[in-house]
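Structure for this input, please:
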Amino acid sequence: MSLQPQNSIPDDIDALKAALIAAQLHAADIESKFAIVSGERDAVVSELATEKAQRSDDQALIAHLNLVIAKMKREKFGPRSEKSQRLLDQMEFQLEELEASATEDELAAEKAAALTTNVAAFARKKPSRKPFPEHFPRERNVVPGPTSCACCGGSRLVKLGEDVTETLEVVPRTWKVIQTVREKFSCRDCETIDQTPAPFHATPRGFAGPSLLAMILFEKYGQHQPLNRQSERYAREGIELSVSTLADQVGACTFALAPLAQRLEAYVFAAERLHGDDTTVPVLAKGQTVTGRLWTYVRDDRPFGGKSPPAAMFYYSRDRCQEHPEEHLVNYTGILQADAYGGYNPVFAKDRQPKPLIAAYCWAHARREFFELADIEAAARKTAKGKTDVVVSPLAIEAVRRIDELFMIERDINGLPAGQRQIIRQEHSAPLLISLEAWMQEKYPTLSRHTDIAKAINYMLKRWDGFARFINDGRICLTNNAAERALRGIALGRKSWLFCGSDRGGQRAAAMYSFIVTCKMNDIDAQAWLADILARLPSHPAHRIDELLPWNWKASIIRGARHDQSKIDCPSQSCSG
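Now for the predicted structure:
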């Protein structure tokens, strides 16, 4: 029923009432149709938001599964290529972005679903979160309960229980000043003034506590934060510590830890076998940078069933002259696993005193030369960029396949005693090794000596005794990856601190890297170790300094915790007093 025009409004009251009722019905009908259209629109929007959230969740799940698969393959089969670690880092970064996008889309879907009752909100299947550590302090914030029944209004309420929701929170770092008070006393009989001697401090001036010193050292060498950045961050927290002041403490700590570094060095070079490697480190010199070197020697007996704790020793040098490894290894007479760097040749010489080292070359370095020529994926990427001289060598593919057969055997015997490793190698690896050498001897004469594949084959044939030595000695590993892992942190640090300030700075870095990498190899919190050692070292007996080495420190901490627990659990202790 349509409304009558304004000029035909009836004068009769009953007619006016009828017209008003008709108008109200018409308005209600329009409103109902609008609500239906609006509801359908909200439902469509909600469905689209839900589909978008589902798609984002699927992408995040796929990225997560790809990352898990890649990590499992790397753990089981070893690195598929030399770029595998960087690819894993890139996948983790991609996963972070997809997870953030999925959460954002999920919240948008929930907001859209709240506008309609026809579409259920999308809920992601999140991985179960581990409970928060028990040793964290708990702060209870109790929400006041109801004082009367919401149904009948009665006040006779009885508590049935409670629901607890835990939220992880962080308290900003706080600073405090510890005052050490030494009271003076005067003797009434002889008028002598007596006072307790001042306690020992971690550093001579003692203005910084052990935990602060450990934080400065670990952030500089373990987290790659230069002192100028640390100084700026402390200033924002209200503590003025200049770079020169922080540097003074770093030097004092290095001096205090020097005896422990000597004991660590003696322990590392007492090993039957060492891994050796080096890496570049820029050093500031007269307004420019020169390329210095950080050398590492790693003791790790775990691959052949050894019980001795792993450890690493670092050294710094301005260049890469052969005199440096000669000096480092002057008293060492065991096995040295390394690449084919010519600077090691003097320590392998037959006339070397007291006797020549046993050379064991790294198969990972040799494999890398072939892999670069056999990398089909890399060749495809280069071809896609327009390069026309890209060639994948069939001989390189065959070499990689043969070398990988040796690696597959090594993965199965990793951690077995040296004797068992030797038996399995002679039974399974020796035939593969003989076949590989014969294949290389056959192919090499047919190649031009200037080709990359010929150079890769010649690299191994010239040093075949060193490459094949692992067959007759179960202590030898197939690769030098232990040393490369020890140097990985330096490669990360170069991106942050750019260069060492001086040669002395390089020497300090070498000493601190020795401690931090050794702690990492023994699953020890390096900062906690440094804090405790710097507190105990000034008063610790010199003849018991080995107790402070990382692996012994860990054992003493465990024993101390068990001793304290026994006091708590013992009935006689709990009932005494």
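
List the residues that contact Ala360.
Contact partners of Ala360, counting by CB atoms under 8 Å, 6 or more residues apart in numbering, are Arg273, Ile335, Leu336, Gln337, Ala338, Gly466, Arg469, Phe470, Asp473, Ile476, Cys477. Backbone N, C-alpha and C define where each C-beta goes, glycine included.

Against Arg475, how distant is the third one?
It refers to Leu336. Leu336 sits 12 Å away from Arg475, going by CB to CB, to the nearest Å.

Now list whatever residues contact both of these two.
Joint contacts of Leu336 and Arg475 (CB under 8 Å, 6+ apart) are Arg273.

got the contact list for the residue most central in space within the chain?
Nearest residue to the geometric centre of the chain (CA atoms, centre = their mean): Gly489, 9.3 Å. Going by CB under 8 Å, 6+ apart, Gly489 touches Gly222, His224, Tyr513, Ile516, Val517.

how about a cut-off of 10 Å?
Tyr221, Gly222, Gln223, His224, Tyr513, Ile516, Val517, Lys520 (CB atoms under 10 Å, 6 or more residues apart in numbering).

ok, back up a step: which one among the contacts of Ala360 gets closest to Asp189?
Set against Asp189, the nearest of the contacts of Ala360 by CB to CB is Arg273 (68.1 Å).

If you drop the residues flanking it in sequence, what lies closest to the closest one?
Distances taken as CB to CB, 6 or more residues apart in numbering place Ile335 nearest to Arg273, at 4.0 Å, with adjacent residues excluded.

cool, and Asp452?
Spatially, and ignoring its direct neighbours in sequence, Asp452 is nearest to Leu373 (5.7 Å; CB to CB, 6+ apart).

Pretty sure Pro199 sits in a strand.
No. Counting by DSSP: H, G, I helix; E, B strand; the rest coil, one finds Pro199 to be coil, located in no strand.

The residue lying closest to it once chain neighbours are set aside: what's it in contact with?
Of all residues not flanking Pro199 in the chain, Thr180 sits nearest, at 6.3 Å (CB to CB, 6+ apart). Shown in contact with Thr180 (CB under 10 Å, 6+ apart): Ala198, Pro199, His201, Gly206.

all strands for the stretch 201-350 of the chain, in order.
Counting by DSSP state E, counting those that start in this stretch, the stretch 201-350 of the chain has strands at residues 273-285, 288-299, 311-317, 335-338.

Compare the ones you listed and give me the one nearest Arg368.
strand 273-285 (13.7 Å).

so what secondary structure elements neighbour the closest one?
Counting contacts by 3 or more CB pairs under 10 Å, 6 or more residues apart in numbering; DSSP states H and E, strand 273-285 packs against strand 288-299, strand 311-317, helix 323-328, strand 335-338, strand 358-361, helix 481-497, helix 503-521.

hey, least reliable of the ones you listed by pLDDT?
The minimum mean pLDDT among these belongs to helix 481-497 (a mean of 79).

Helix 503-521 and that one, what's the angle between them?
Going by axes from the mean of the first three to the mean of the last three CA atoms, to 10 degrees, helix 481-497 is angled at 130 degrees with respect to helix 503-521.

if we can go back for a sec, any idea how far the residue nearest to Arg273 is from Val142?
As judged by CB to CB, Ile335 and Val142 stand 65 Å apart.

Thr254 too?
51 Å.

neighbour count winner among these two?
When Thr254 and Val142 are compared for neighbours, Thr254 comes out ahead with 17 against 7, by other CB atoms under 10 Å.

ok, that one - contacts?
Residues near Thr254 by CB under 10 Å, 6+ apart: Leu217, Ala261, Arg504, Gln507, Arg508, Ala509, Ala511, Met512.

Double-check Lys355 against Thr333; I have them as touching.
Yes. With contact defined as CB atoms under 10 Å, Lys355 reaches Thr333; the gap is 5.4 Å.

out of the two, which sits in the more crowded spot?
The neighbour comparison of Lys355 against Thr333 (other CB under 10 Å) goes to Thr333, with 15 against 9.

Neighbours of Leu461, how many?
Neighbours of Leu461 under the rule other CB under 10 Å: 13.

brain fart, Ile453
When counting by other CB under 10 Å, one arrives at 21 neighbours for Ile453.

Run through the residues that contact it.
For Ile453, the contacting residues are 369-370, 373-374, 391, 393-396, 399, 443-444, 447, by CB under 10 Å, 6+ apart.

element containing it, please.
Per DSSP states H and E, Ile453 falls inside helix 452-461.

What helices and strands are in contact with the helix or strand following that helix?
Per DSSP H and E, the first helix or strand lying C-terminal to helix 452-461 is helix 464-468. With contacts taken as 3+ CB pairs under 10 Å, 6+ apart, helix 464-468 sits against strand 335-338, strand 358-361, helix 363-374, helix 430-443, helix 452-461.

Quick one, which of these gets closest to Gly415.
Ranking these by proximity to Gly415 (CB to CB) places strand 335-338 first, at 17.0 Å.

With just CA atoms, put that closest one into CSV.
What follows is strand 335-338, C-alpha atoms only, in CSV (Å, rounded to 0.1, in the frame of the first residue of the first chain):
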residue,chain,number,x,y,z
ILE,A,335,96.9,-36.0,14.0
LEU,A,336,96.0,-32.8,12.4
GLN,A,337,92.8,-32.6,10.3
ALA,A,338,92.8,-29.6,8.0
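
strand partners of it, parallel vs antiparallel please.
If you go by DSSP bridges, strand 335-338 pairs up with strand 273-285 (parallel), strand 358-361 (parallel).

The residue nearest to Arg273 is in contact with Arg299, isn't it?
No. Counting by CB under 10 Å, Arg299 is not a contact partner of Ile335; they are 11.1 Å apart.

Now the common contact residues for the two.
Contact criterion CB under 10 Å, 6+ apart; residues shared by Ile335 and Arg299: Ala271, Glu272, Arg273, Leu274, His275.

Quick check: the farthest pair among those residues?
Between any two of the shared contacts of Ile335 and Arg299, the greatest separation by CB to CB is 12.1 Å, found for Glu272 and His275.

and these two? which has more neighbours close in?
A count of neighbours by other CB under 10 Å puts His275 above the other of Glu272 and His275, at 26 against 16.

rank the strands paired with strand 335-338 by mean pLDDT and give me the bottom one.
With a mean of 86, strand 273-285 has the lowest mean pLDDT of the strands paired with strand 335-338.

Now that strand: buried residues?
Within strand 273-285, the residues that qualify as buried are Arg273, Leu274, His275, Gly276, Asp277, Asp278, Thr279, Val281, Pro282, Val283, Leu284, counting by 16 or more other CB atoms under 10 Å.

Next, count neighbours for Glu369.
Using other CB under 10 Å, Glu369 has 19 other residues around it.

er, Thr296 actually
Residues near Thr296, counting by other CB under 10 Å: 27.

So it is in contact with Ala510, correct?
Yes. Shown here, Thr296 and Ala510 form a contact pair, counting by CB under 10 Å, at 8.7 Å.

how about the strands paired with strand 335-338 in CSV, adding distance to Leu537?
What follows is these, written out as CSV (distance: least, CB to CB, whole Å):
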stretch, distance to Leu537
strand 273-285, 27
strand 358-361, 37
